[in-house]
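S.K.: sharing a model prediction with you, sequence too.
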Amino acid sequence: MLSMLRGKKGKKGFTLIELMIVVAIIGILAAIAIPNFLRFQAKSKQSEAKTNLGGIFTAETAYFGERSFYGNFSQIAWAPTGATRYSYHSGDYVAPNSAAQAANNPPIMSSAPDNAGFLPLYAYAGVTPSRTDNNFLVVAVGNIDNDPTLDEWTINDGRALANVAGYDDVVQ
C-alpha cells in the first residue's frame, strides 16, 4: 500500500494555465457558434411567412379561377392555424368590376384592411398591401428575434415572394 502512495506522488494533474487555455478555446468556439445558431433559428422561423404566403397565393389563384377576381381572406377561406409569429395583411376589398360578377358573388366589405393574423399583430410599414379584381399584394409582418426591427415579406399575383428592403429581421 505504501508503494502505491509513493507512485502517485510522481504523477501530476493539469496546471491552472492549461485549464485556462481550454476554457479560452471553449469561449472562442461559443462566440463563433452562438450567432450562427441564432441566425439559422431565425431563418427557420421565417419559413412560416414564406409557407403561409405560398398558401395565400394558391388560394387566391384558385378563387380567381372560379370567380375572375381576387378575394379577401374570408372569401378565399384562408386563415393561419395555431400560434403565429407573423401578421398577414391584404388590401381593402374592391368589388368585382362587372354587375354579373357582383350578382353571383356578393362582396364581403370591410372598412379596414383584411388581416388574418393572430396576436401579436404587427402593422406593415415598408409596403402597402393591395387587392383589385386583377392583382393582389399580400404582406406578412413579424418580429422573430424580439428586437425593434420587423421582418416583412410580400407575395403578389405573379408569385413573386420578396423581402421588403429595410425590413429583414435576419441579418444576412
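M.R.: Perfect, thanks for sending it.
S.K.: longest helix in the protein, by number of residues?
M.R.: In the chain, taking DSSP state H as the definition, the longest helix is helix 16-67.
S.K.: which elements pack onto it?
M.R.: strand 86-89, strand 136-142, strand 151-156 (3 or more Cβ pairs under 8 Å, 6 or more residues apart in numbering; DSSP states H and E). The way it works is simple: take the backbone N, C-alpha and C, and place the C-beta from them, glycine included.
S.K.: right, so of the ones you listed, which gets closest to Y63?
M.R.: Minimum separation from Y63 across those (Cβ to Cβ) falls at strand 136-142, 10.0 Å.
S.K.: quick one: list the elements packing against that closest one.
M.R.: Where contact means 3+ Cβ pairs under 8 Å, 6+ apart, strand 136-142 is packed against helix 16-67, strand 86-89, strand 130-131, strand 151-156.
S.K.: switch the ones you listed over to TSV; also include mean pLDDT.
M.R.: TSV is the format used below for the helices and strands packed on strand 136-142 (pLDDT from 0 to 100):
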stretch	mean pLDDT
helix 16-67	92
strand 86-89	88
strand 130-131	86
strand 151-156	92
